[in-house]
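# turn this into a structure:
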Amino acid sequence: MSKPGDPNILPPLYKNLKECDQNGDYEKAIRIANRILKEFPNEDRALKCKIVCLIQNSRFQEALALIDGYSGGENITFEKAYCLYRVNKFSESLAALQGLSAQELRVKELKAQLFYRLEKYDECFNLYGDIIKNTNDDYEAERSTNYSAALACLKIDGDTKTVSDHELQEVTFELCYNAACKLIGEGKLKEAEKQLRNAERFCRSSLSEEDTPEEEIEEELGIIRVQLGYVLQVLGQEKEAQSLYSLALKCKPSDIGLIAIASNNLAVFNKEQNVFDTKKKLKSATSEGLEFKLNSKQREIIAKNNCIFLLTNAKPEQCRHALEQMKDEFPSSKLWATLLEASLLVKEKKIDEADKLLDKTAAGNPSFRLTATLARVQLLLKSGSITAAIAAFNNLPEKDRYRLGVVSAIVNLHSQNGDRKAAAALLKQATQFHKKNKNQGLGVSELWEQAANFHFKSGDPNLAAGCLEELRSLYPNDPKIIARLVLAYCRFDAGRAALVARSLPPAGSMLESADIDVGSLEAANWAMGSKYAKKTRADGTLASPKSGATTPGSDLIKSKRKRKPRKRLNRLPKNYDPKYVPNPERWIPRRERAGYKKKKDRRTRGEIGKGTQGSAAGAQDLYDISKGAAGVRSSGPSTANIQAQTSSSAYKKQQKKKKKTGKF
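Below you'll find the predicted structure:
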């Protein structure tokens, strides 16, 4: 048995360590390293072996604890940097690498990964390009994937870097996916959709050939489906996008970043409806640990959606707390958070506080001044304060105040106040500012044109001509500008108008340059209607006019003839018989007809007429022949009524009774 501290036991122990490393049995290797360190506490080589074994077993915190307590001569700086990278301390890891040689391959690759995590995509892209160019080993596919991922992120951020197609050959589904992300950054959504569908098929086929379990295949497909859902959502195919998001979440992925993005995008579909589902989805999208799974832009969008949800659902205190967190975590969104805070104050009917907040923001930060002022003007106009809105615009610096849109807004406000002089003065100042700074471009030309229109309406052709002269200096051969300039000079300087009119091209050349076919214009349907347009034959030639034909529109001068009302044919019933005369009383209710007899009611059967006593005393006059008129029948229906009744009864006989059919 060997004694403690016997150096003869070290060679067999290190031999055992090497065998464990070759077999991948790192737990046993840790036990052997512990035995060596117990016998020889200053054995630095054994300590480094233990650190490497802990890293291989993903026990990074234990490895860092050993590294921090180490004071020997063994260089373990790279191991420390790698452990810091794996525990998401990217800045510290990058600082630790500064003491190592920048040309070492492992240092380059770790730096490239750190640049990607720190969202320094330009440095990452350049470093991976250098690594791929100077290496040739079995890790070429992985490096190409990371290289394409960095390029895709640059494109999404608006970079204009270009890479030849042979540098990024889409030989794996990861490269297809990254190529689709690059197309999204370039705004080529249709091509990106096609590429993502190819990546989905490629992923399933390649992983199935490797006998990958179905759960892992669905995990990989979930990332592609969510990205495809985003593309379809932007393209307006919302139903298919929703189904893809739901399918990705239905598979219960382990990636919390994937869950967050799918949940956030599904919550967007709900808008102001289905509040409880939106709350549930946003809770999943704002879970802990996302700072290491999503980039800052993705997390900022989720935070904005959460703030908007809290604002629209009457949760002011939670909304303010979320806005404060957002300002601290995402300094670039401070202006957006301020605008949302002002909206919250407006919703609480605190208009004055919102106005002060926007005024303070505009005065405190020059980069926020224009946006905050526009929001403040909108708030003032909503409350009817036009004068205060104009004053807010006047506080802007000249470069912002004399922008085309701002000038147009101020001119409209002055016009509403009836102060056309102030509007004219502003237009003059704006044109002088752009003339002094020699600003060119479409916006300046539009400003001159709008100024000319305003002066025309104000009855000041002299100033209008000056604006048109400036516009003509920008576009000297535009006939429309020259024609308007001639109209302006005609009002106060006829000689100058005649001189400018000489610059107009002849009418014939204008027709030739415009390639106008006069015949087609005459043959087309014009303002007086197709009735007066010239007719064309099938071969395209004009039809010859008929004899006695008049010029188009000549018959409009003639007096219009009065139209006779068209007689409508009387519609007769199907069983109408012309032998019988219709009953003239057929249009009045039955109870009002002469031959109407009231049906007897069993309740009044056997009763004598209801009347006052003695009402029958007048019946004796009925039998007094001397009181009747000679030749006139005093009772009974008339002959006409009898005939009518006969006709009516004959008409009724012709009507066939419909046989009633009953159901059992």
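# got any ranges where the stretch 401-550 of the chain has weak pLDDT?
Within the stretch 401-550 of the chain, the stretches with pLDDT under 70 are 439-443, 507-550.
# residues contacting Glu470?
431, 435, 448 (Cβ atoms under 8 Å, 6 or more residues apart in numbering). For the C-beta atoms, the positions are set from N, CA and C on the backbone; glycine is no exception.
# out of these, which is nearest to Pro213?
Trp448 (69.5 Å; Cβ to Cβ).
# Ser503 versus the closest one, what's the distance?
Counting by Cβ to Cβ, to the nearest Å, the gap from Trp448 to Ser503 is 18 Å.
# more crowded one of these two?
Higher neighbour count among Trp448 and Ser503: Trp448, with 24 against 14, using other Cβ atoms under 10 Å.
# Ser473 is in contact with that one, correct?
No: applying Cβ atoms under 8 Å as the test, Trp448 and Ser473 come out as separate, 9.3 Å apart.
# which residues touch Ser332?
Glu300.
# typo on my end, Asn306
282, 285-286, 322 are the contacts of Asn306 under Cβ under 8 Å, 6+ apart.
# quick check: closest non-adjacent residue to it.
Using Cβ to Cβ, 6 or more residues apart in numbering and skipping the chain neighbours, the partner closest in space to Asn306 is Leu282 (5.2 Å).
# distance of the one you found relative to Lys252?
Applying Cβ to Cβ, the value for Leu282 to Lys252 is 19 Å.
# so which of those two has more stuff around it?
Leu282 (22 against 11).
# helix or strand for the more buried one, which one?
helix 275-285 (DSSP states H and E).
# about what we covered before: could I get the contacts of Glu470 as JSON lines with distance to Arg369?
Below are the contacts of Glu470 laid out as JSON lines (distance: Cβ to Cβ, whole Å):
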{"residue": "Thr431", "distance to Arg369": "23"}
{"residue": "Lys435", "distance to Arg369": "24"}
{"residue": "Trp448", "distance to Arg369": "26"}
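# dump the residues you listed into CSV; add secondary structure and distance to Ala260 as well.
Listed next are the contacts of Glu470 as CSV, based on DSSP: H, G, I helix; E, B strand; the rest coil; distance: Cβ to Cβ, whole Å:
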residue, secondary structure, distance to Ala260
Thr431, helix, 52
Lys435, helix, 53
Trp448, helix, 51
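# test my guess that Arg225 contacts Ser243.
No: judged on Cβ under 8 Å, Arg225 makes no contact with Ser243 at a distance of 9.5 Å.
# just to revisit the earlier point, which one of the contacts of Glu470 sits closest to Glu341?
Thr431 (38.0 Å).
# give the contact list for that closest one.
Counting by Cβ under 8 Å, 6+ apart, Thr431 makes contact with 447-448, 451, 467, 470.
# mind doing that once more with 6 Å?
Ala451 (Cβ atoms under 6 Å, 6 or more residues apart in numbering).
# which one of the contacts of Asn306 has the most neighbours?
Neighbour-wise, the contacts of Asn306 (other Cβ under 10 Å) top out at Ala285, 26 neighbours.
# doesn't Ser263 make contact with that residue?
Yes: between Ala285 and Ser263 there is a contact under Cβ atoms under 6 Å: 4.5 Å.
# where does this protein have low pLDDT?
1-6, 73, 164-168, 439-443, 507-564, 568, 600-664.
# distance of the spatially most central residue of it relative to Ala192?
Nearest to the geometric centre of the chain sits Val234, at 7.3 Å (Cα atoms, centre = their mean). According to Cβ to Cβ, Val234 stands 10 Å off from Ala192.
# got it, and Pro573?
72 Å.
# when these two are compared, which one has more neighbours?
Using other Cβ under 10 Å, the more surrounded residue of Pro573 and Ala192 is Ala192, with 24 against 10.
# state the three-state secondary structure for the more buried one.
helix (DSSP: H, G, I helix; E, B strand; the rest coil).
# wait, doesn't it sit right on Gly185?
No: taking contacts as Cβ under 6 Å, Ala192 lies outside contact range of Gly185: 9.1 Å.
# look up how far Lys120 lies from the residue nearest to Leu247 when sequence neighbours are not counted.
Of all residues not flanking Leu247 in the chain, Arg225 sits nearest, at 6.2 Å (Cβ to Cβ, 6+ apart). Per Cβ to Cβ, Arg225 is found 29 Å from Lys120.
# Arg197 too?
32 Å.
# so how far is Asn198 from the residue nearest to the centre of the chain?
Applying Cβ to Cβ to Val234 and Asn198 gives a distance of 19 Å.
# same question for Lys435.
55 Å.
# over to Thr278?
To Asn198, Thr278 is 33 Å away according to Cβ to Cβ.
# next: Ala391.
Taking Cβ to Cβ, one finds Ala391 at 59 Å from Asn198.
# Leu84: which element?
Assigned by DSSP H and E, Leu84 belongs to helix 77-86.
# phi, psi for Ile76 please.
Main-chain dihedrals, Ile76, degrees, to the nearest 10: phi -120, psi 30.
# same question, Glu585
The phi/psi pair for Glu585 (degrees, to the nearest 10) is phi -90, psi 20.
# hang on, it packs against Arg591?
No: Glu585 is beyond contact range of Arg591, at 11.4 Å (criterion: Cβ under 6 Å).
# looking at those two, which is more packed in?
Glu585 (17 against 7).
# quick one, what contacts that one?
Shown in contact with Glu585 (Cβ under 6 Å, 6+ apart): Arg593.
# show me the helices in the stretch 401-550 of the chain, by range?
404-416, 420-436, 442-457, 461-474, 479-490, 494-501, 507-514, 518-523 (DSSP state H, counting those that start in this stretch).
# of all those helices, which one is nearest Arg299?
Of all the helices of the stretch 401-550 of the chain, helix 404-416 comes closest under Cβ to Cβ, at 32.5 Å.
# the closest one versus helix 442-457: what angle between them?
Here the directions of helix 404-416 and helix 442-457 differ by 20 degrees (axes from the mean of the first three to the mean of the last three Cα atoms, to 10 degrees).
# can you tell me the SS state at the residue nearest to Leu247?
Here Arg225 is helix, with the state taken from three-state DSSP.
# how far away is it from Leu196?
Distance, Arg225 to Leu196, by Cβ to Cβ: 9 Å.
# ok, Asn265 next?
From Asn265 to Leu196 the distance is 15 Å (Cβ to Cβ).
# next one: Ser383
Distance of Ser383 to Leu196, computed by Cβ to Cβ: 49 Å.
# between those two, who's got more neighbours?
Neighbour tally, Ser383 and Leu196, criterion other Cβ under 10 Å: the higher count belongs to Leu196, 24 against 12.
# buried stuff in the helix or strand that contains the more buried one?
Element membership for Leu196, per DSSP H and E: helix 189-209. For helix 189-209, the neighbour count (16 or more other Cβ atoms under 10 Å) marks 189, 191-193, 195-196, 198-200, 202-204, 207 as buried.
# ok, stretch 590-602 next?
Per 16+ other Cβ under 10 Å, stretch 590-602 contains these buried residues: Arg593.
# equivalent analysis for stretch 245-265, please.
By 16+ other Cβ under 10 Å, the buried positions in stretch 245-265 come out as 245, 247-249, 251, 253, 256-265.
# again with stretch 324-336
Neighbour-count burial for stretch 324-336, counted by 16+ other Cβ under 10 Å, picks out 326-327, 330, 333-336.
# number of residues surrounding the closest residue to Tyr85 other than its chain neighbours?
Excluding the flanking residues, the one nearest Tyr85 by Cβ to Cβ, 6+ apart is Ser93, at 4.3 Å. Burial of Ser93 is recorded as 23 neighbouring residues (other Cβ under 10 Å).
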